[in-house]
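S.K.: Test case, fold it:
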Amino acid sequence: MLDIKFVRENPQIVKENIKKKFQEHKLGYVDEVIELDAERRSVMARADELRANRNKISKQIGALMAQGKREEGMALKEQVTAQAQELDELSRKQDELNERVTKLMMSIPNIIDESVPIGKDDSENVEVQKYGEPVVPDYEIPYHTDIMETFDGIDMDAAGRVAGNGFYYLMGDIARLHSAVISYARDFMIDRGFTYVVPPFMIRSNVVTGVMSFEEMDAMMYKIEGEDLYLIGTSEHSMIGKFIDTITPEEKLPLTLTSYSPCFRKEKGAHGIEERGVYRIHQFEKQEMVVVCKPEESKYWFDQLWQNTVDLFRSLDIPVRTLECCSGDLADLKVKSVDVEAWSPRQKKYFEVGSCSNLTDAQARRLKIRVKGENGNYLAHTLNNTVVAPPRMLIAFLENNLNEDGSVNIPEALRMYMGGADKIYPKK
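M.R.: Below you'll find the predicted structure:
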């Protein structure tokens, strides 16, 4: 969320930014929020005037009563009563205006970084760099669930009967491989100096609205009926929420955290054939990284975060590339984002396995995440990135490590989590 003072003083910059994100329907929000804010400040000024006047008159009443001038004192009391009624009305009006201003401000997108390419949607994202040589073997790579089924490693039919579409059972070597990837990702990030955290898997509504846009909330979040609780769509939500309404001493920054959690998502909308199976599902597990830092350090940490994901995938011999997300593909809170995509030998193209985002002070302003510096308090910057998110990551792993005989190679980095095995073999 932007600073209302910035919007007041730079309406054209805010409008140009809205145009760059191809959200012209929001252009009217800028003038509307400025008008409402002016009205709100006028109401607040009148309320302050009445409070100051009330204090002054109260002293006068006390003096008159002490002098025995009861009639004059009672007249002033009536004046105080009338002003109290006006003050109550102004307070209600201020609450209403606060709500309307906040709602509009939370719908106005953050100012994107000047380096972000301009484009309408993800089809206009820009490739930055490739890492590793993509290979297409001279034998067929089956669909990922078909590979898993040869290991008796997945049962989506039973999961459908138990929970509906978008769920799965992982079993045997495939389930163990899933856990191995998560464990390896955890240790990989700990070795890079990040603190390991297991956060709450549910969060309150004030945290939800602090960490994401209304559009994301509607498309992603599952609400717990009868409770002010939502299932998290990623551990980033509760990890950033950990710092709600806090003031962290500047010398303790940066806070570098890596977190494990299950994730729950509605995943609205229809998807193509390549998004069947376990590609886009309602429940999965994820290792995440989150940074809370000083504003001048967020660009540095942004590059560190996406590089961590690249390095992890390359340590498992999976070719990847980075994509700069264009303006129209950025969620409203983000100023810059880089996607990491893994190579799919079956599809002969890359597909997304992680997304790194710099939100500058947008989440911090919503959640009041502040830093105590030498010259006073200021808002922190927050960043997040995916380490790995199996089972989607398993798609890339299985396709890139599948042998012609149906066995799957286990890279050296994962063998300690797989009982020392250098391969797993199909059951059928």
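S.K.: Report the buried residues of the lengthiest helix in the chain.
M.R.: Ordering each helix of the chain by length in residues (DSSP state H) puts helix 27-66 first. Applying a neighbour-count criterion of 16 or more other CB atoms under 10 Å, one finds 29-30, 33-34, 36-37, 40, 43-44, 47, 50, 57, 61, 64 buried in helix 27-66. Yep, even glycine has a C-beta here, placed from its N, CA and C like the rest.
S.K.: What ranges in the stretch 201-350 of the chain fall below the confidence cut-off?
M.R.: Low-confidence segments of the stretch 201-350 of the chain, defined by pLDDT under 70, span residues 268-276.
S.K.: The same query, at a cut-off of 50, please.
M.R.: 270-274 (pLDDT under 50).
S.K.: What are the boundaries of the helices in it?
M.R.: With helices called from DSSP state H, counting those that start in this stretch, the stretch 201-350 of the chain shows them at 205-211, 214-220, 235-241, 298-315.
S.K.: Can you tell me which of those helices is most buried?
M.R.: Most buried of the helices of the stretch 201-350 of the chain, by mean neighbour count (mean count of other CB atoms under 10 Å): helix 235-241, with a mean of 26.
S.K.: which residue ranges form the strands in the stretch 1-150 of the chain?
M.R.: All strands of the stretch 1-150 of the chain, identified by DSSP state E, counting those that start in this stretch, fall at 126-131.
S.K.: just to revisit the earlier point, could you give the average pLDDT over the longest helix of the chain?
M.R.: For helix 27-66, the mean per-residue pLDDT is 84.
S.K.: tell me what that helix is packed against?
M.R.: helix 4-9, helix 11-20, helix 70-105 (3 or more CB pairs under 8 Å, 6 or more residues apart in numbering; DSSP states H and E).
S.K.: Tell me the buried residues in the shortest one?
M.R.: If I follow you right, that is helix 4-9. Under the neighbour-count criterion of 16+ other CB under 10 Å, helix 4-9 has Ile4, Val7 buried.
S.K.: picking up where we left off before, can you give me the angle the longest helix of the chain makes with helix 11-20?
M.R.: 140 degrees (axes from the mean of the first three to the mean of the last three CA atoms, to 10 degrees).
S.K.: Pull the distance from helix 27-66 to the chain's centre.
M.R.: 38 Å (CA atoms, centre = their mean, to the nearest Å).
S.K.: ok, now stretch 107-124?
M.R.: So, by CA atoms, centre = their mean, the centroid of stretch 107-124 is 16 Å from its chain's centroid.
S.K.: Now do the end-to-end distance for it.
M.R.: With CA to CA, to the nearest Å applied, stretch 107-124 spans 23 Å between its terminal residues.
S.K.: ok, residues contacting it?
M.R.: Applying CB atoms under 8 Å, 6 or more residues apart in numbering, the external contacts of stretch 107-124 come out as 1-2, 7, 13-14, 17-18, 20-23, 26, 29-30, 33, 125-126, 213-214, 324-330, 332-336, 358-360, 362.
S.K.: returning to that earlier point: what's the closest of the helices of the stretch 201-350 of the chain to Pro391?
M.R.: The minimum distance between Pro391 and the helices of the stretch 201-350 of the chain falls on helix 298-315, with 15.3 Å, by CB to CB.
S.K.: Output that closest one as PDB, nothing but the C-alphas.
M.R.: What follows is helix 298-315, C-alpha atoms only, in PDB (Å, rounded to 0.1, in the frame of the first residue of the first chain):
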ATOM      1  CA  SER A 298      16.200  -4.800  -0.400                       C
ATOM      2  CA  LYS A 299      17.600  -4.700  -4.000                       C
ATOM      3  CA  TYR A 300      20.600  -6.700  -2.800                       C
ATOM      4  CA  TRP A 301      18.500  -9.300  -1.000                       C
ATOM      5  CA  PHE A 302      16.200  -9.600  -4.000                       C
ATOM      6  CA  ASP A 303      19.100 -10.800  -6.200                       C
ATOM      7  CA  GLN A 304      20.300 -13.100  -3.400                       C
ATOM      8  CA  LEU A 305      16.900 -14.700  -3.000                       C
ATOM      9  CA  TRP A 306      16.300 -15.700  -6.700                       C
ATOM     10  CA  GLN A 307      19.900 -16.800  -7.000                       C
ATOM     11  CA  ASN A 308      19.400 -19.200  -4.000                       C
ATOM     12  CA  THR A 309      16.600 -21.000  -6.000                       C
ATOM     13  CA  VAL A 310      18.700 -21.200  -9.100                       C
ATOM     14  CA  ASP A 311      21.600 -22.600  -7.200                       C
ATOM     15  CA  LEU A 312      19.400 -25.300  -5.500                       C
ATOM     16  CA  PHE A 313      18.000 -26.500  -8.700                       C
ATOM     17  CA  ARG A 314      21.400 -26.600 -10.400                       C
ATOM     18  CA  SER A 315      22.700 -28.600  -7.500                       C
END
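S.K.: and that helix, what other elements does it pack with?
M.R.: Partner elements for helix 298-315 (3+ CB pairs under 8 Å, 6+ apart): strand 126-131, helix 172-191, strand 283-293, strand 320-324, strand 336-344, strand 349-358, strand 381-388.
S.K.: Only the buried residues of the longest one, if you could.
M.R.: Spelled out, it's helix 172-191. Buried residues in helix 172-191, defined by neighbour count with 16+ other CB under 10 Å: 173-178, 180-189.
S.K.: Stretch 348-356 now?
M.R.: Residues of stretch 348-356 classed as buried by neighbour count (16+ other CB under 10 Å): Tyr350, Phe351, Glu352, Val353, Gly354, Ser355, Cys356.
S.K.: follow-up on the earlier one: of all the helices and strands packed on helix 27-66, which lies closest to Glu404?
M.R.: helix 11-20 (48.7 Å).
S.K.: Can I get that closest one as PDB, trimmed to CA atoms?
M.R.: Taking Å, rounded to 0.1, in the frame of the first residue of the first chain, the C-alpha atoms of helix 11-20 are listed here in PDB:
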ATOM      1  CA  PRO A  11      -1.200  11.900  -8.400                       C
ATOM      2  CA  GLN A  12       0.100  11.800 -12.000                       C
ATOM      3  CA  ILE A  13       2.900   9.400 -11.100                       C
ATOM      4  CA  VAL A  14       0.400   7.100  -9.400                       C
ATOM      5  CA  LYS A  15      -1.900   7.300 -12.500                       C
ATOM      6  CA  GLU A  16       1.000   6.600 -14.900                       C
ATOM      7  CA  ASN A  17       1.900   3.600 -12.800                       C
ATOM      8  CA  ILE A  18      -1.700   2.300 -13.000                       C
ATOM      9  CA  LYS A  19      -1.600   2.600 -16.800                       C
ATOM     10  CA  LYS A  20       1.700   0.700 -16.900                       C
END
